[in-house]
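give the three-dimensional model of this entry:
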Amino acid sequence: MAAMVATTTLTGVTAASAADTMNWVYRAYGSTVDKAVAAVQALKATYGGTRCAGVSAGGTPIGFGYEAGMSCQIPTFSTQNMLYWSFGASGNTADSAEAAALEIARKSGGPGTTMCSAFGDSITVDGGFVMSIRCYVPKIDVDQYLLWPYLGAGTTIDSAMNSAVAGIGSGDRFCTGGRATPTQDGNWKTGIQCYTPK
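Alright, predicted model coming up:
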């Protein structure tokens, strides 16, 4: 897990005019072109953008599924008080893993989270998928937080992941989930680790 520097939490990123914007390409994956497009539209809907140039899609470099991109104008910001964070998740499919990662990012990124895109889209040895949403997020004062696990279990990877994601509280920050693992009785278990207020 990436190290975090103690600093004052930012409250948001705003732009006063078009001169205060920069170009950013949202990227996402899907098992079909339609699902890749829907995933990239979900990123834009969550994190904003104006003057978006539409969506393009094509096969992924690893030869599985499709990648979509949407170019938008977003507020400019300084990375001085930001860090680049990966919100990871697993799922039965690449689509469900990506959806879980987006939900983790949405619930634990905090105000000011920006420049998010999907990465990963890898197949695990047990047939699941791992995906991450990577964003610039405001740094936090880690002395005010402690690391806390939210565990999940279920009959499928998706249900185990969803049960872990449900544990994320409103004050939790920078949650990320590992890959799910099968249990001896044929079910699944997984976990999410968050910085939670003391």
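
please make it C-alpha for all contacts and neighbour counts, starting now.
Noted.

can you name the residues that contact Tyr66?
The neighbours of Tyr66, taking C-alpha atoms under 8 Å, 6 or more residues apart in numbering as the test, are Tyr29, Gly30, Ser31, Thr32, Val33, Ala36, Ala57, Gly58, Gly59, Thr60.

show me what the lowest-mean-pLDDT helix or strand in the chain is in contact with.
When the helices and strands of the chain are scored by mean pLDDT, DSSP states H and E, strand 55-59 comes last with a mean of 73. Identification of contacts with strand 55-59 by C-alpha under 8 Å, 6+ apart yields Val33, Ala36, Val37, Gly65, Tyr66, Glu67, Ala68, Gly69, Met70, Ser71.

before we move on, what SS does the third one have?
Looking back up the chat, that one is Val37. State at Val37, reduced to three classes by DSSP: H, G, I helix; E, B strand; the rest coil: helix.

can you show me the strands along this structure?
For the chain, the strands defined by DSSP state E cover 21-30, 55-59, 66-75, 82-91, 114-123, 129-138, 145-154, 173-177, 181-182, 188-197.

between the second one and strand 66-75, how many degrees?
If you take axes from the mean of the first three to the mean of the last three C-alpha atoms, to 10 degrees, strand 55-59 sits at 150 degrees to strand 66-75.

partner strands of strand 55-59, parallel or antiparallel?
Sheet partners assigned to strand 55-59 using DSSP bridges are listed as strand 66-75 (antiparallel).

any idea of the mean pLDDT for the partner strand?
When pLDDT is averaged over strand 66-75, the result is 89.

send over it as PDB, restricted to the C-alpha atoms.
What follows is strand 66-75, C-alpha atoms only, in PDB (Å, rounded to 0.1, in the frame of the first residue of the first chain):
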ATOM      1  CA  TYR A  66     -12.700  -3.900 -24.700                       C
ATOM      2  CA  GLU A  67     -11.300  -0.500 -23.600                       C
ATOM      3  CA  ALA A  68     -13.200   2.700 -23.900                       C
ATOM      4  CA  GLY A  69     -12.000   6.300 -23.600                       C
ATOM      5  CA  MET A  70     -13.700   9.700 -23.200                       C
ATOM      6  CA  SER A  71     -11.800  13.000 -23.400                       C
ATOM      7  CA  CYS A  72     -13.100  15.800 -21.200                       C
ATOM      8  CA  GLN A  73     -12.100  19.100 -19.700                       C
ATOM      9  CA  ILE A  74     -11.700  19.000 -15.900                       C
ATOM     10  CA  PRO A  75     -10.600  21.600 -13.400                       C
END
